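**Q** sequence and predicted model, in that order:
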Amino acid sequence: MNYIERTITNVIKNRINHSKCLLLTGARQVGKSTLLTHIFPHYHKVSFDDKFARLQAKEEPNLFFLNNPCPLFIDEVQKENSILEEIKLKVDSSDERGLFLLSGSQKLELMKGISESLAGRISVTELAGLSLREIFGIDYRAHFIPTEAYIAAREKMLKPYTDIWSVIHRGAYPELYDLDRDWQDYYSSYVNTYLERDIHELIASDSVTFMKFLTAVAARTGEILNYANIANDVEVSEPTIKKWISILERTGIIYLLQPYSASVLKRTIRSPKIYFRDTGLACYLTRWLTPEALKVSAVAGNMFETFIVSEILKSYSNEGLDYRFHIYYYRGKDKNKSRDNEIDLILEENGVLYPIEIKMTGNPRADMGDTNVVLDKVADKKRGTGVILCMVDKKIYLRENLVALPIEYI
């Protein structure tokens, strides 16, 4: 398979030059090990998928480091967190930069261990699956934010995103961009090998219940999270579903988009929205077997929204930015007490709130941005230009402060 240049490469190179350690997080199979090996081929490498390496790291750390000297790349480091304390001793006794590269697929567990052992000593970066920019070879690195400056700069590097439903259906795991890789075989292996091995052991249920759970969550991508409904489908308790959802989130399978909850917006829904991080995996679990069937299905709108949200998140993480406190959604009755109004995404930056609508349509209307005015109630923030990301073929201003953009602008 040809190596696809990752947008985050320069961020990682810069950070390892200024940090003693670097941690790269992300779901299984997004390319963490391939990326770090490609950038740093001279590092010694060990994977904690290897039980012997884990055991030696735990019971004989001095011997482990004799066998695996610095500079050292440890893959799947979350499988033996005790090594973090030993790494701390190593980095504290040296002034060298770039001593350790670490990667792992369970971000929250890793962050807990790092906050206890390596706080102030490590740079943390997240890698997602391939972005549209990477797939289509677009060397543009700024995160999506609809300012005049961003739109003008992005216009200079536009390429048509051809056959977009094939990309949505295929998903973003790098291995799928090897022309010889069969889609169904890949996802079958992914579910059986990685999800059942890594996640099933954390969930500790029988295989049938585990698959029912995954399918029930995938079927709800792009919806407000309702634990009770999922519990009814899977036939387990609601507290159990809450625990399992947390496991999917911290292993990078789903993303929970939090609601925007300014105190002046009193009639706001407080539950998060749930999104699968990879639309190909969601399609496989819900049995949409071709792009053509997906495009005309009842779930097409939710899958399209899931894909666009994921692309925007990637634009942040690929620039080395933490998106968690910059991206929200809104649904409530602050504008109209008779029905819910929604803003698909709110991007917050430098005191400005940018409302984003995501629509499959090729005929956007100005009234699609009518809910944006609720943001004017937030006294300490300004409302920026609203955007409708949709299937138009060129930029169209619908109002002075509302523009329809092709998804190529992401």
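**A** That came through fine. Source: prediction; values computed, not measured.
**Q** for stretch 342-351, buried residues please.
**A** Burial within stretch 342-351, assessed by neighbour count using 16 or more other C-beta atoms under 10 Å, is assigned to 343-348. Any C-beta I mention is one placed from the backbone N, CA and C, and that applies to glycine too.
**Q** neighbours around residue 26, how many?
**A** Summarising burial for residue 26: neighbours were counted as other C-beta atoms under 10 Å, giving 23.
**Q** circling back: show me the buried residues of stretch 342-351 that map onto strands.
**A** Using DSSP state E, 343-348 are the members of the buried residues of stretch 342-351 that sit in strands.
**Q** hey, where'd the strands end up in the stretch 251-400 of the chain?
**A** Assigned strands in the stretch 251-400 of the chain, in chain order: 254-257, 273-276, 327-332, 341-349, 352-358, 382-383, 386-390, 396-399 (criterion: DSSP state E, counting those that start in this stretch).
**Q** follow-up on the earlier one: state the pair within the buried residues of stretch 342-351 that is farthest apart.
**A** In these, the most distant members under the criterion C-beta to C-beta are 344 and 348, with 14.4 Å between them.
**Q** picking that back up, and residue 22, which of the strands of the stretch 251-400 of the chain is closest to it?
**A** Ranking those by distance to residue 22, with C-beta to C-beta as the measure, places strand 254-257 first at 22.8 Å.
**Q** could you check how far that closest one is from the centre of its chain?
**A** The offset between the C-alpha centroid of strand 254-257 and the centroid of the whole chain comes to 8 Å, using C-alpha atoms, centre = their mean, to the nearest Å.
**Q** could you dump the strands of the stretch 251-400 of the chain to CSV with mean pLDDT and distance to residue 284?
**A** Conversion of these to CSV gives the following (pLDDT from 0 to 100; distance: least, C-beta to C-beta, whole Å):
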stretch, mean pLDDT, distance to residue 284
strand 254-257, 96, 15
strand 273-276, 98, 10
strand 327-332, 92, 26
strand 341-349, 95, 25
strand 352-358, 98, 22
strand 382-383, 96, 39
strand 386-390, 98, 25
strand 396-399, 96, 35
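**Q** possible to save those as TSV with distance to residue 2?
**A** Formatted as TSV, these follow (distance: least, C-beta to C-beta, whole Å):
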stretch	distance to residue 2
strand 254-257	29
strand 273-276	27
strand 327-332	32
strand 341-349	33
strand 352-358	31
strand 382-383	44
strand 386-390	30
strand 396-399	37
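**Q** how long is stretch 211-230 end to end?
**A** Terminal residues of stretch 211-230 are spaced 13 Å apart (C-alpha to C-alpha, to the nearest Å).
**Q** check stretch 388-399 too.
**A** Length of stretch 388-399, first residue to last, C-alpha to C-alpha: 11 Å.
**Q** give me the contacts around that stretch.
**A** For stretch 388-399, the surrounding residues in contact (C-beta atoms under 8 Å, 6 or more residues apart in numbering) are 151, 155, 308, 356-362, 364-366, 368-369, 386, 402-407, 409-410.
**Q** may I see the buried residues of that stretch?
**A** Buried-residue list, stretch 388-399, by 16+ other C-beta under 10 Å: 388-390, 392, 398.
**Q** pick out the most distant pair among those.
**A** The most distant members of the buried residues of stretch 388-399, if one measures by C-beta to C-beta, are 389 and 398, lying 12.9 Å apart.
**Q** next SSE downstream of the lowest-mean-pLDDT helix or strand in the chain?
**A** Within the chain, confidence by mean pLDDT, DSSP states H and E is lowest for helix 107-117 among all helices and strands, at a mean of 64. Counting by DSSP states H and E, the next helix or strand C-terminal to helix 107-117 is strand 122-126.
**Q** report the distance from that next one to the chain centre.
**A** With C-alpha atoms, centre = their mean as the basis, the distance from the averaged C-alpha position of strand 122-126 to the chain average is 15 Å.
**Q** equivalent analysis for stretch 177-188, please.
**A** For stretch 177-188, the gap between its own C-alpha mean and the chain's C-alpha mean amounts to 21 Å (C-alpha atoms, centre = their mean).
**Q** and the helix or strand in which residue 46 is found, what does it pack onto?
**A** Secondary structure from DSSP H and E places residue 46 in strand 44-47. Helices and strands touching strand 44-47, as assessed by 3 or more C-beta pairs under 8 Å, 6 or more residues apart in numbering; DSSP states H and E, comprise strand 72-75.
**Q** quick one: contacts of the strand it packs on?
**A** So strand 72-75 is in contact with 32-33, 36-37, 40, 43-49, 65, 68, 83, 99-104, going by C-beta under 8 Å, 6+ apart.
**Q** in helices, which of those residues fall?
**A** Among the contacts of strand 72-75, the subset assigned to helices under DSSP state H consists of 32-33, 36-37, 65, 83.
**Q** tell me the two of these that are most distant?
**A** Within the ones in helices among the contacts of strand 72-75, 32 and 65 form the most distant pair, 22.0 Å apart (C-beta to C-beta).
**Q** more neighbours, these two?
**A** More neighbours sit around residue 32 than around the other of residue 32 and residue 65, counting by other C-beta under 10 Å; the figures are 23 against 18.
**Q** hmm, residue 26 and that one touching each other?
**A** Yes. A contact is recorded between residue 32 and residue 26 when judged using C-beta atoms under 8 Å, the distance being 5.3 Å.
**Q** quick check: neighbours shared by these two?
**A** The contact sets of residue 32 and residue 26 overlap at 103, 105, 127 (C-beta under 8 Å, 6+ apart).
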